[in-house]
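**Q** okay, structure incoming, though there's no sequence with it:
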């Protein structure tokens, strides 16, 4: 009787899991199928084709938007990782009161609505006479990425043993040498996590980019938004499919790569 009850519970859990997976990935699967549909219709199958992938790589507009998106995401994540790591080290060295206050301040941008952040940054650029364009998008992405890096690095700093750094200093190491040889290897996983999180947030952002981009420059999100009224081209399905498969392959390599023995 107990085995039968446990089996029923297991089947119910598996059923819920299947429903959740279908709910999450059915739209993505539909988009991938449409990227191979020769017809522009979303409801009729016109046959298999690679035409939309050819149009994708032949479109200078899409390729430029993709280049801008990846470049801004990489640069903003790299700069945010450097600034955020330095800020996390400074905050961690403070007393409990100021540290709690600053951590609360750094958490506000993550809780704040994107539209408020986007409008505020746009008004700040206009007030200082900065013309909207590539540089304003980059500054904006750095701004909202820094708190995510701080949030990722702080737990690793709390786990770091300060006595090893002090021992390195007592043995004659300079502060910079002791940091990169003792502290930095311990917090490196947090720095990489912050970098990847910032890269993902920058790659996915639309609202802040929309308010700070100016004329003549587009990222993928703003380009797709501008095409919604006219109808999204099937080449966008092909681009989204390539991005999804690239992320999937990266995750598989990360999770199933053989571990190096110590």
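**A** Structure received. Because the structure is predicted, anything quoted here is derived from the model rather than measured. Numbers count the residues shown, from 1 in each chain.

**Q** which stretches of this protein have low pLDDT?
**A** Residue ranges of the chain with pLDDT under 70: 1-2, 257-262.

**Q** which residue is nearest the centroid of it?
**A** For the chain, residue 200 is the residue whose C-alpha lies nearest the centre (Cα atoms, centre = their mean; 1.0 Å).

**Q** can I assume it sits in a strand?
**A** No - assigned with DSSP: H, G, I helix; E, B strand; the rest coil, residue 200 falls outside any strand and is helix.

**Q** how much space between it and residue 206?
**A** As judged by Cβ to Cβ, to the nearest Å, residue 200 and residue 206 stand 13 Å apart. Any C-beta I mention is one placed from the backbone N, CA and C, and that applies to glycine too.

**Q** what do you get for residue 39?
**A** For residue 39 relative to residue 206 (Cβ to Cβ), the value is 29 Å.

**Q** and for residue 164, the neighbour number?
**A** 14 (other Cβ atoms under 10 Å).

**Q** which helices and strands does whichever strand or helix holds it pack with?
**A** For residue 164, the element it lies in under DSSP states H and E is helix 162-170. Here helix 162-170 touches helix 175-178, going by 3 or more Cβ pairs under 8 Å, 6 or more residues apart in numbering; DSSP states H and E.

**Q** neighbouring contacts of the helix it packs on?
**A** With Cβ atoms under 8 Å, 6 or more residues apart in numbering as the contact definition, helix 175-178 has outside contacts at 165, 168-169.

**Q** how about residue 212, what does it touch?
**A** For residue 212, the contact set (Cβ under 8 Å, 6+ apart) comprises 118, 121-122, 125, 132, 136-137, 139-140.

**Q** what does residue 186 give?
**A** Here residue 186 is in contact with 156, 159-160 (Cβ under 8 Å, 6+ apart).

**Q** cool, residue 150 as well?
**A** With contact set as Cβ under 8 Å, 6+ apart, residue 150 has these partners: 84, 87-88, 91, 103, 106, 194.

**Q** could you redo the last one with a cut-off of 10 Å?
**A** Contacts for residue 150 were tallied using Cβ atoms under 10 Å, 6 or more residues apart in numbering; they are 80, 83-92, 102-103, 106-107, 110, 157, 190, 194.

**Q** quick one, strands of the stretch 51-200 of the chain?
**A** Assigned by DSSP state E, counting those that start in this stretch, the stretch 51-200 of the chain shows no strands.

**Q** so which residues of it form helices?
**A** Counting by DSSP state H, counting those that start in this stretch, the stretch 51-200 of the chain has these helices, from start to end: 51-58, 60-92, 96-111, 114-127, 134-159, 162-170, 175-178, 184-204.

**Q** ranking the ones you listed by burial, who's on top?
**A** helix 134-159 (a mean of 21; mean count of other Cβ atoms under 10 Å).

**Q** which element is residue 43 on?
**A** Secondary structure here is read from DSSP H and E; on that basis residue 43 sits in neither a helix nor a strand.

**Q** what sits against it?
**A** Counted by Cβ under 10 Å, 6+ apart, residue 43 has contacts residue 34.
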